[in-house]
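*Asks:* Have a look; sequence and predicted model below, questions after that.
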Amino acid sequence: MNFLYIILGILILITFYIVYSYNHLIKARNMVDRAYSNIDALLQKRFDLVPNLVTTVKGYMKHERELLEEITRARSEWMDASTIQENAEADDVASKALKSIFAVSESYPDLKANQNFLMLQEELAGIENKIAYARQRYNRTVMSLNTAIEQFPTNLIAQFFRFETREFFEVESDKVRKVPQVKMDRGEE
């Protein structure tokens, strides 16, 4: 009779462990999804400001048309992105192009004094900080989920319920990693 209670106790403990592990994996997966949604919402907010920025600087930066086109292209790539990696690459291209525009704007005193440009610059700087924090948070939650999926004995439960590891939000493309070249032609201002 005692042997039966021991077996029953072990089965109950195993059941509780499976339920606990499954719920832990669900919670981790949902945290990753929420963190990614936060990044997506911030990127949407940033890219919603891009047309206003382009309109504001277009009249001033006649010679930097390539930068404006690069931002517009990055916005299109982000909207068409279907994977985390494509999203990360479009985000990185846009970040570098925006930094280049703000660097080039130093050559245009009238633009630097434009209230609309200053407001957009300040708002974009705030969003960039939030995006950086959101990417860090996303990568932390992905690391937690991936670790839980790969650790024994939780990995057995993860395999049984078909949990999959997730990609980190990072840039791998050489094209995207290149430092942008800022060309200034001051001859035709």
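*Replies:* Perfect, I can see it now.

*Asks:* going forward, measure contacts and count neighbours with C-alpha atoms only.
*Replies:* Noted.

*Asks:* what stretches of this structure score poorly on pLDDT?
*Replies:* For the chain, the stretches flagged by pLDDT under 70 are 62-63, 171-189.

*Asks:* One more pass at 80, please.
*Replies:* When residues are selected by pLDDT under 80, those of the chain lie in 1, 54, 58-68, 104, 108, 111-113, 171-189.

*Asks:* where along it do the helices fall?
*Replies:* 2-58, 65-80, 84-104, 109-113, 115-150, 154-160, 174-177 (DSSP state H).

*Asks:* Surely Ala81 is in contact with Glu89?
*Replies:* No: counting by C-alpha atoms under 8 Å, Ala81 sits too far from Glu89 to count as a contact (9.2 Å).

*Asks:* So those two - more neighbours on which side?
*Replies:* Glu89 (23 against 15; other C-alpha atoms under 10 Å).

*Asks:* State the distance from the more buried one to Phe169.
*Replies:* From Glu89 across to Phe169, the span is 9 Å (C-alpha to C-alpha, to the nearest Å).

*Asks:* Equivalent analysis for Ala35, please.
*Replies:* From Ala35 to Phe169 the distance is 11 Å (C-alpha to C-alpha).

*Asks:* Show me the common contact partners of the two, please.
*Replies:* 135, 138 (C-alpha atoms under 8 Å, 6 or more residues apart in numbering).

*Asks:* mind listing what Glu77 touches?
*Replies:* With C-alpha under 8 Å, 6+ apart, Glu77 has these contacts: 86-87, 90.

*Asks:* So which of the residues you listed is the closest to Ser76?
*Replies:* Ala90 (8.5 Å; C-alpha to C-alpha).

*Asks:* Is Val169 in contact with Arg140, as I believe?
*Replies:* Residue 169: Phe, not Val. No: assessed by C-alpha under 8 Å, Phe169 is found out of contact with Arg140, at 10.2 Å.
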